[in-house]
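Participant: This is a predicted model, with the sequence first.
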Amino acid sequence: IAVALGGPSRGELSAVPRALEDLAAARLRVLHERSFLDDPTRLLRLARYLARLGFEPEPRTAELAAAALATGALATVSGARIGSELRLALAEPDPAAALAIMGELGILSALHPRLRFPAPLARRALSLSPEDEPAEPLLLGALMLSMTERADEHPQRAAYDLLDEMEFTGPDRDRAIRTATLAPQLVGGLQEARTPSQLSAALHTATPQAVALAGALAEEQQRTEAALNAARWLTELRHIRLQISGDDLLAAGIHAGPEIGQRLDAALARKLDGELIGGREAELNAAMEDL
């Protein structure tokens with residue numbers, strides 16, 4: 001659909017057949033029968049535009065998409081191009097919707113038989129995730145859950161291979177797989193923690209994305225205490241820090257070495273549990289006490 005900006009046709013509207021009718025009816029239609037075969041990445045763009053615009057596929061377009069997937073059209077496209085389209089989906093205004101539609105259309109299972117997107121779980125995790133944290137790592141981690149859940153010798157191998165094939169960067173790949181692998185393991189610690197310091201200890205190696213996904217998994221499993229603990233850590237406890245540092249302990253006469261970290265950890269645990277009142281002086285006194 002276009003409007004001429006100059007010349008004798010200035011202001012005139014031009015459109016391919018049925019374009020205006022499809023726009024009015026909120027439909028997406030391919031321009032010709034071989035569209036998805038000539039460029040199978042259009043299958044992923046179909047899902048992105050359906051999610052972004054809230055449209056529906058025109059019936060024949062839906063048939064053509066299903067037929068292209070059934071004949072393995074996506075296998076003819078390089079992993080780099082698929083990865084580029086997937087990264088665009090993750091950057092959509094509602095990326096969870098785009099990924100969910102890819103799953104409904106059969107696009108994800110065409111990319112790998114074990115690839116699934118748990119849309120309700122991912123949306124719950126997004127609601128728990130802090131606003132200052134990017135959504136893409138969490139969503140990619142949720143997408144990798146089904147790739148890492150096997151209890152075999154190398155449960156992460158398929159996920160690594162898939163993301164490498166799609167040319168995700170090493171840091172993005174590793175963060176997504178770590179999120180998918182760690183989140184289910186965190187649920188038990190979240191459920192068992194009874195104090196803020198125990199909760200902090202259980203999550204000391206976890207990213208906010210992994211904790212948010214763990215909280216969503218806990219809610220799905222009806223482990224209420226774990227879900228509440230995940231939310232509390234994300235909104236409150238992860239921001240609690242000591243005002244003192246290792247330099248303060250060195251200046252106070254503690255020798256350099258592991259003892260510095262041990263004393264800081266002990267002081268932080270007491271602060272988390274509400275036992276320290278009085279700022280730097282109270283923290284330093286607590287850190288200097290006998291371990």
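Facilitator: Looks like it arrived, so ask away.

Participant: CA only for contacts and neighbour counts going forward, please
Facilitator: Will do.

Participant: surely Arg52 meets Ala96?
Facilitator: No - judged on C-alpha atoms under 8 Å, Arg52 makes no contact with Ala96 at a distance of 10.6 Å.

Participant: out of those two, which sits in the more crowded spot?
Facilitator: More neighbours surround Ala96 than the other of Arg52 and Ala96, with 27 against 16 (other C-alpha atoms under 10 Å).

Participant: so who does the more buried one touch?
Facilitator: Applying C-alpha atoms under 8 Å, 6 or more residues apart in numbering to Ala96 gives the contacts 90, 119, 122-123, 139.

Participant: Got the confidence number for it?
Facilitator: pLDDT recorded at Ala96 is 97.

Participant: Return the distance of it relative to Leu90.
Facilitator: Note on Ala96: its distance to Leu90, by C-alpha to C-alpha, to the nearest Å, is 8 Å.

Participant: Can you pull the residues that touch both of those two?
Facilitator: Leu139.

Participant: Any regions of the stretch 151-291 of the chain where pLDDT drops low?
Facilitator: 151-153, 291 (pLDDT under 70).

Participant: now the helices for it?
Facilitator: Assigned by DSSP state H, counting those that start in this stretch, the stretch 151-291 of the chain shows helices spanning 157-165, 170-192, 196-202, 208-220, 224-235, 246-251, 258-272, 280-288.

Participant: just to revisit the earlier point, go through the contacts of Ala96 and flag which are in helices.
Facilitator: Counting by DSSP state H, the contacts of Ala96 place 90, 119, 122-123, 139 in helices.

Participant: export the residues you listed to CSV and tack on neighbour count and pLDDT?
Facilitator: CSV is the format used below for those (neighbours: other C-alpha atoms under 10 Å; pLDDT from 0 to 100):
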residue, neighbour count, pLDDT
Leu90, 21, 96
Ala119, 19, 97
Ala122, 24, 98
Arg123, 17, 97
Leu139, 28, 97
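
Participant: Next, format the contacts of Ala96 as CSV and append distance to Pro57.
Facilitator: Shown next, in CSV, are the contacts of Ala96 (distance: C-alpha to C-alpha, whole Å):
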residue, distance to Pro57
Leu90, 21
Ala119, 20
Ala122, 24
Arg123, 24
Leu139, 25
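
Participant: Sort out which one of those lies nearest Glu33 for me.
Facilitator: Leu90 (28.2 Å; C-alpha to C-alpha).

Participant: And that closest one, how close does it get to Gly246?
Facilitator: 40 Å.

Participant: Could you do Leu126 as well?
Facilitator: Taking C-alpha to C-alpha, one finds Leu126 at 35 Å from Gly246.

Participant: what does Glu220 give?
Facilitator: The value you get for Glu220 to Gly246, if C-alpha to C-alpha is used, is 41 Å.

Participant: With Arg223 instead?
Facilitator: Distance from Arg223 to Gly246, by C-alpha to C-alpha: 38 Å.

Participant: Also Gly11?
Facilitator: Taking C-alpha to C-alpha, one finds Gly11 at 70 Å from Gly246.

Participant: OK, contacts around Glu220?
Facilitator: Per C-alpha under 8 Å, 6+ apart, neighbours of Glu220: Leu121.

Participant: Report the contact partners of the closest residue to Ala176 other than its chain neighbours.
Facilitator: Closest residue in space to Ala176, ignoring its immediate chain neighbours: Gly141 at 4.2 Å, by C-alpha to C-alpha, 6 or more residues apart in numbering. Contacts for Gly141 were tallied using C-alpha under 8 Å, 6+ apart; they are 175-180.

Participant: how about the residues you listed in a markdown table, adding neighbour count?
Facilitator: Formatted as a markdown table, these follow (neighbours: other C-alpha atoms under 10 Å):
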| residue | neighbour count |
| --- | --- |
| Arg175 | 18 |
| Ala176 | 27 |
| Ile177 | 25 |
| Arg178 | 20 |
| Thr179 | 28 |
| Ala180 | 29 |
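
Participant: Let me know the closest of those residues to Asp38.
Facilitator: The closest of these, once distances to Asp38 are taken by C-alpha to C-alpha, is Ala176, at 31.6 Å.

Participant: can I assume the closest one is in contact with Glu136?
Facilitator: No - counting by C-alpha under 8 Å, Ala176 does not reach Glu136; the two are 9.0 Å apart.
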